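K.L.:
this one's sequence-less:
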Ligand SMILES: *[C@@H]1O[C@H](CO)[C@@H](O)[C@H](O)[C@H]1NC(C)=O
Ligand SMILES: *[C@@H]1O[C@H](CO)[C@@H](O)[C@H](O)[C@H]1NC(C)=O
């Protein structure tokens, strides 16, 4: 009898506890990024020239209609979040976004053409830079505070996971383009330093706003995207762009280690997939790809095509192309990138442990061991 009523009491407390904890129990993601993570923000920015709102974007996702992703299928953040068992956060500008959905799923602020720097991508006319995205996040925070109260909101935002994935546009659509003043104001080293100073302030600001578990994605070999190749005389990768990506990754990795040890209670991590993507591009067949230098979606022989449009032709097998359009990897390539980042961050353990892989931190990514 006693045991039964005790058990009942525990059940009641648990149920009641769950109800009270409803808001800060749910683990959600807040994603800050560019076109590699955009899930529909630019689609709502009607004057933005960085758009993925026409077919054949989204052809391998859901109903196959354009959904705002600059890909045929999933983004890297989609795949990583899925593997961590987290809901996919909707776009900030999604007209159906409500406080309840934010509490259930988080928010994605990523915007095609956006960069770490405010001035990056200005010729796209409309895009959210990282500072702008953080400003929008602060708006989300006050919305949630007025809905559930300051204390519960504080817990909710501290237990959420944060993704910051920008940087390619700061090079491709800023520093490497002579129309931008940054290209003649800085040199390779001082520009990377400038990016790191800015990112440092932005990550510290996010920490002040409650971000405790945060990951930054590094850059891939951006000198090998089809657009960069077609602009080179040989058709090969642009060596300078690749060196800049490596230099960015090295500096960002150091910044994140540094912040993680200095900011209280912070688990801030850096993960990139540069080496694997470089290997995929050099030895595509080793990974089941047949093409690693041109876009699957192209406009006849006209190169660069800049964007995929309804009049474009598609490659025969989309799973065999590393690149979907001139800028962006395909769903199949994103899966490889996501798996590599997960491995680098120690979220899943792999059998062929690499000697240079950082030691696994099982606490950093919650319920991960069930995945294997
Ligand atoms: C960047 O833009 C934000 C607004 O989104 C503004 O508050 C901030 O002062 C700008 N920073 C610089 C360095 O221009
Ligand atoms: C760090 O975590 C401890 C224990 O949960 C908490 O008491 C403290 O307020 C936290 N500090 C910050 C700055 O989040």
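P.N.:
Looks like it arrived, so ask away. Since this is a predicted model, take the numbers as computed values, not measurements. Ligands and ions are numbered 1, 2, ... in the order given.
K.L.:
residue contacts, the residue lying closest to residue 109 once chain neighbours are set aside?
P.N.:
Ranked by CB to CB, 6 or more residues apart in numbering and with sequence neighbours excluded, the top spatial neighbour of residue 109 is residue 133, at 3.8 Å. Where you see a C-beta, it was placed from the backbone N, CA and C, and this is true even at glycine. The neighbours of residue 133, taking CB atoms under 8 Å, 6 or more residues apart in numbering as the test, are 32, 92, 109-111, 114.
K.L.:
Now the element after the lengthiest helix in the chain, going C-ward?
P.N.:
In the chain, taking DSSP state H as the definition, the longest helix is helix 239-262. Counting by DSSP states H and E, the next helix or strand C-terminal to helix 239-262 is strand 267-271.
K.L.:
wait, isn't residue 214 in contact with residue 164?
P.N.:
Yes. Applying CB atoms under 8 Å, one finds residue 214 in contact with residue 164, separated by 6.6 Å.
K.L.:
Overlap of the contact sets of the two?
P.N.:
Shared contacts of residue 214 and residue 164 (CB under 8 Å, 6+ apart): 203, 206.
K.L.:
which of those two has more neighbours?
P.N.:
residue 164 (28 against 24; other CB atoms under 10 Å).
K.L.:
in a strand, that's where the more buried one is, yeah?
P.N.:
Yes. Using DSSP: H, G, I helix; E, B strand; the rest coil, the assignment for residue 164 is a strand.
K.L.:
what sits against it?
P.N.:
Residues in contact with residue 164 (CB under 8 Å, 6+ apart) are 32-33, 130, 199, 202-203, 206, 214-217.
K.L.:
cutoff 6 Å now
P.N.:
Contact analysis of residue 164 by CB atoms under 6 Å, 6 or more residues apart in numbering lists 32, 216.
K.L.:
circling back: show the average pLDDT along whichever strand or helix holds the residue nearest to residue 109.
P.N.:
Secondary-structure element containing residue 133, defined by DSSP H and E: helix 130-148. Averaging pLDDT along helix 130-148 gives 98.
K.L.:
okay, now the residue in the stretch 251-372 of the chain that ligand 1 sits nearest to: neighbour count?
P.N.:
In the stretch 251-372 of the chain, the residue that lies nearest ligand 1 is residue 255 (17.9 Å; CB to the nearest ligand atom). Other residues lying near residue 255 total 19 when counted by other CB under 10 Å.
K.L.:
hmm, back to that, what helices and strands are in contact with whichever helix or strand comes after the helix holding residue 133?
P.N.:
Downstream of helix 130-148, the next assigned helix or strand under DSSP H and E is helix 150-159. Judged by 3 or more CB pairs under 6 Å, 6 or more residues apart in numbering; DSSP states H and E, helix 150-159 is in contact with helix 22-25.
K.L.:
tell me the mean pLDDT over the helix it packs on?
P.N.:
Regarding helix 22-25, the rounded mean pLDDT is 52.
K.L.:
do stretch 179-192 as well
P.N.:
Across stretch 179-192, the average pLDDT comes to 96.
K.L.:
Could you confirm whether that stretch reaches ligand 1?
P.N.:
No. If you take CB under 6 Å from any ligand atom as the test, stretch 179-192 misses ligand 1, and the best it gets is 12.2 Å.
K.L.:
which residues touch that stretch?
P.N.:
174-175, 247-248, 251.
K.L.:
I am finished for the moment; much appreciated.
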